[in-house]
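> This is the structure alone, sequence omitted:
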């Protein structure tokens, strides 16, 4: 292992006394992000004003940062661009994929997919017309459901609730054999597990950056299109910055070269500044080391929790190869248990109806904290410390 | 006039020696924005982490700030929500408007509309199918082109090149008489001119915040839906934060109440922090005063330029009531002239093929600067100072 985890941890600012196991939802603040954002605000926006688009390189930021993301997901330079939210990127990718497979009308997904992906598909298919159908099956039935009616296979690689991983290479191969294209959502994968989009033959991929890539609340999403399709994909969200010559102000849309056409509107420069700072950790972190350490942490956490908390049921696959970088347990009182944990400084999150989620993120979390979190959970369970009205009263949770 | 322009100007940080006449493209840095963004980064993201969504109020920010924008555009509280880019908001509004007028297939716009609006319409109509048509006419022919085939009238109120204003109330009334709905793009209107969306009967409106609302590069857009339509509009971009209960993680989409359904994905919290700071100026600025002062500035600028620069042709309407808060001139060497101006510290911008644009923004620009800018322009024109290779060499301009 070449990654020095003490060094990666030193790059993050974590509150004293908190054990943060929610980096799968919102990554913590990288130490350099505040200064980097501050510089963008005062030195770039403040002093360059409009000229910042060229002089500070704002206009190229979505492609430049896209290249840095590409290296983390097994994609070549020039195949990834930043912008918008993940839901918008799902819409873009799915719309383009459907248009590239014009003879078919079925989008296949699974019921464990993140709801927004399914909602977005639903909205797009309604716009496309009655002939289109969204078919969802159980995650384990996806392979068998790929047939020659499927236009696009739309899957999230790592399940947001259970952490179960799909086999991207195998399912993509099955899809291609059946004449379908693939759209992979990497929200819970990018920065968490090694990915090889080119090796897997993925057609489209999308993801967010505020989870394992630590870009901060509302950081921009990314989209990848394979080299084979990048110049053929026709954007449905044909915004001016995806135009071949945005500043020619042509009345007609002509898609830009390759991935550039997946840009839409003005990029969020302050959020991109935070993301840029957050990506620096990957200069000293190797994603394979992160994965190995994440498995070590998750195996230790599962063993400790199962030994001490018999009423919690593992919701994640037992085989670590089948999991992303999170571990989930089920309990009917999961909501109250999570509130009790948070009150003790252990931050995970709850997903309806009964899932306790814990993100295990070696960039800034080590074995002692993971074992301490398991101990605190054990104390809460042993003493029924969750059974208090203030923990049971539901606030809106994220 | 109740607005103290010395006080509003004191709220902005403008570089020494620069005359900034490009606030119609990117507003300058509000003095409190750096601290506000810094606090969001270090105190909210850094210390609250995931709990910031509730504790720092991030989740409600798009609606809370939407209410502040609403006051500036003649819309009631609860009718505006923030998010995404303007192009995405145009797509949302147009898709919903078309679905609300199902018997018709024509979108009517004008050739002066911002190209991205036309591109987005083109992409949406392709997605909807061959039956749909985008019809564009000259701006002055719009009224005559509204007939009973038109489903949606899609217009930008203030032309980005010439500053010409459409009559929102009159055209909306004509559209309604003909059975059409309206989508108004307020990119160059919000914060520049008084608006009365309710009084005009506008159905949908969208806009950006980084121009006259000074939210910084890539600040989020807004969308307005009239009270009559807000609960009937079906989002095409049906993302999870527009769901009735996003954290129920239902597999099926159920649109949220009213304008909330126009939310899509995770809001850009750092950009919203900058916007929030930028909106504080409206606590001491009255939009009617801004308008009156803007007309004073633009009349003075036109008079001074026309007196001294006979080869520059006014591209904006001569009647100030017909203009937004910018003044444009045409010249075949417009690009080089603008570069020469920028080299002298007068920042305007150029729009192909021959437009010199000057934003006149009373929040932070006064008569002395406007007259000084006209003087410098006169010197450049009188001495042909623009006629130098370095000014004629085209870089990418924004």
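Perfect, thanks for sending it. Quick caveat: nothing in here was measured; it's all calculated off a predicted structure.
> Might one say that residue A:219 is in contact with residue A:211?
No. Between residue A:219 and residue A:211 there is no contact under Cβ atoms under 8 Å: 9.1 Å. The way it works is simple: take the backbone N, C-alpha and C, and place the C-beta from them, glycine included.
> how many neighbours does residue A:319 have?
Residues near residue A:319, counting by other Cβ atoms under 10 Å in any protein chain shown, number 9.
> What of residue A:6?
Residue A:6: 8 neighbours (other Cβ under 10 Å).
> now swap in residue A:51 and tell me
Count around residue A:51 with other Cβ under 10 Å applied: 18.
> before we move on, what about residue A:363?
A count of neighbours around residue A:363, defined by other Cβ under 10 Å, yields 25.
> how far away is it from chain B?
According to Cβ to the nearest Cβ, to the nearest Å, residue A:363 and chain B sit 14 Å apart.
> quick one: buried residues of the helix or strand harbouring residue A:378?
Element membership for residue A:378, per DSSP states H and E: helix A:367-382. Residues of helix A:367-382 classed as buried under the neighbour-count rule (16 or more other Cβ atoms under 10 Å in any protein chain shown) are A:369-370, A:373-374, A:376-378, A:380-381.
> Where does the stretch 51-200 of chain A get nearest to chain B, which residue?
As assessed by Cβ to the nearest Cβ, chain B sits closest to residue A:85 within the stretch 51-200 of chain A, at 2.7 Å.
> Excluding chain neighbours, what is closest to that residue?
For residue A:85, ignoring the flanking residues on the chain, the nearest one in space by Cβ to Cβ, 6 or more residues apart in numbering or on different chains is residue B:265 at 2.7 Å.
> How about the contacts made by the one you found?
A:84-88, A:116, A:221, B:83-84, B:239-241 (Cβ atoms under 8 Å, 6 or more residues apart in numbering or on different chains).
> Would you enumerate the residues in contact with residue A:361?
Applying Cβ under 8 Å, 6+ apart to residue A:361 gives the contacts A:21, A:23-24, A:27, A:192, A:212, A:294, A:325.
> Sticking with the residue in the stretch 251-398 of chain A that chain B sits nearest to, tell me its helix or strand.
Ranked by Cβ to the nearest Cβ, the top residue of the stretch 251-398 of chain A for proximity to chain B is residue A:265, at 2.7 Å. Residue A:265 belongs to no helix or strand when assigned by DSSP H and E.
> what comes into contact with stretch A:337-350?
Counting by Cβ under 8 Å, 6+ apart, A:17-22, A:25, A:331, A:334-335, A:356-359, A:373, A:376-377, A:380-381, A:385-386, A:388, A:390-392, A:397-398, B:49-51 sit against stretch A:337-350.
> List buried residues within the residues you listed.
A:18-22, A:25, A:331, A:334-335, A:356-359, A:373, A:376-377, A:380-381, A:385-386, A:391, A:397-398, B:49-51.
> and stretch A:8-15, how far apart are its ends?
End-to-end distance of stretch A:8-15: 16 Å, with Cα to Cα, to the nearest Å as the criterion.
> whoops, I mixed them up, stretch A:250-265
16 Å.
> can you give me the helices for the stretch 201-350 of chain A?
Using DSSP state H, counting those that start in this stretch, the helices of the stretch 201-350 of chain A run over A:227-230, A:269-279, A:287-308, A:334-343.
> Return the most buried member of these.
helix A:269-279 (a mean of 27; mean count of other Cβ atoms under 10 Å in any protein chain shown).
> angle of that helix against helix B:269-279?
If you take axes from the mean of the first three to the mean of the last three Cα atoms, to 10 degrees, helix A:269-279 sits at 150 degrees to helix B:269-279.
> Run through the stretch 1-150 of chain A and note the low-pLDDT ranges.
Residues of the stretch 1-150 of chain A that meet the criterion pLDDT under 70 lie in A:1.
> Please enumerate the strands of it.
Using DSSP state E, counting those that start in this stretch, the strands of the stretch 1-150 of chain A run over A:12-13, A:19-20, A:29-30, A:80-82, A:106-110, A:133-137, A:150-156.
> Redo these as JSON lines? Include distance to chain B.
JSON lines is the format used below for these (distance: least, Cβ to the nearest Cβ, whole Å):
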{"stretch": "strand A:12-13", "distance to chain B": "5"}
{"stretch": "strand A:19-20", "distance to chain B": "6"}
{"stretch": "strand A:29-30", "distance to chain B": "4"}
{"stretch": "strand A:80-82", "distance to chain B": "11"}
{"stretch": "strand A:106-110", "distance to chain B": "10"}
{"stretch": "strand A:133-137", "distance to chain B": "7"}
{"stretch": "strand A:150-156", "distance to chain B": "13"}
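> any idea which of those strands is most buried?
Most buried among the strands of the stretch 1-150 of chain A, counting by mean count of other Cβ under 10 Å: strand A:80-82, with a mean of 29.
> Can you give the distance of it from its chain's centre?
14 Å (Cα atoms, centre = their mean, to the nearest Å).
> Also stretch A:30-45?
The answer for stretch A:30-45 is 24 Å, by Cα atoms, centre = their mean.
> List the contacts of that stretch.
Stretch A:30-45 is contacted by residues A:10-13, A:52, A:56, A:58, A:214, A:216, A:269-270, A:273-274, A:276-278, A:280-281, B:13, B:26, B:29, B:33-34, B:37-38, B:41-42, B:46, B:216-217, B:270, B:274 when judged by Cβ under 8 Å, 6+ apart.
> Give the buried residues for it.
A:30-34, A:36-42, A:44-45.
> Residue B:152: which of the residues you listed is nearest?
Distance to residue B:152 across the buried residues of stretch A:30-45 (Cβ to Cβ) is lowest for residue A:45, with 35.2 Å.
> What's the separation between that closest one and residue B:310?
37 Å (Cβ to Cβ, to the nearest Å).
> The residue nearest to residue A:188 when sequence neighbours are not counted bridge partners, please.
The spatially closest residue to residue A:188, leaving aside those adjacent along the chain, is residue A:158, at 3.7 Å (Cβ to Cβ, 6+ apart). Beta-bridge partners recorded for residue A:158 (DSSP bridges): residue A:165.
> Can you give me the distance of residue A:158 to residue A:317?
From residue A:158 to residue A:317 the distance is 11 Å (Cβ to Cβ).
> Could you break chain A into its assigned domains?
A:5-29+A:286-392, A:34-283 (automatic domain parsing).
> how about those domains in CSV, adding distance to residue B:75?
Putting these into CSV (distance: least, Cβ to Cβ, whole Å) gives the following:
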stretch, distance to residue B:75
domain A:5-29+A:286-392, 32
domain A:34-283, 22
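> Select, out of the ones you listed, the one closest to residue B:176.
Distance to residue B:176, taken as Cβ to Cβ, is lowest for domain A:34-283 among the domains of chain A, at 24.6 Å.
> What ranges in the stretch 251-398 of chain A fall below the confidence cut-off?
Counting by pLDDT under 70, the stretch 251-398 of chain A has low-confidence residues at A:395-398.
> Flag every residue of it that's near chain B.
A:251-253, A:264-272, A:274, A:342, A:347, A:349, A:351-352, A:395-398 (Cβ under 8 Å from any Cβ of the partner chain).
> again, but for the stretch 51-200 of chain A
Contact residues, the stretch 51-200 of chain A versus chain B (Cβ under 8 Å from any Cβ): A:51-54, A:58-59, A:83-88, A:91, A:95, A:111, A:114-116, A:118-120, A:122-124, A:126-129, A:136.
> What segments of the stretch 51-200 of chain A are helices?
Along the stretch 51-200 of chain A, the segments classed as helices by DSSP H, counting those that start in this stretch run A:52-55, A:61-72, A:86-100, A:115-128, A:142-145, A:168-177, A:197-200.
> and the longest one, what does it pack onto?
It stands for helix A:86-100. helix A:115-128, strand A:150-156, strand A:181-185, strand A:204-207, strand A:222-225 (3 or more Cβ pairs under 8 Å, 6 or more residues apart in numbering or on different chains; DSSP states H and E).
> Alright, I will stop here.
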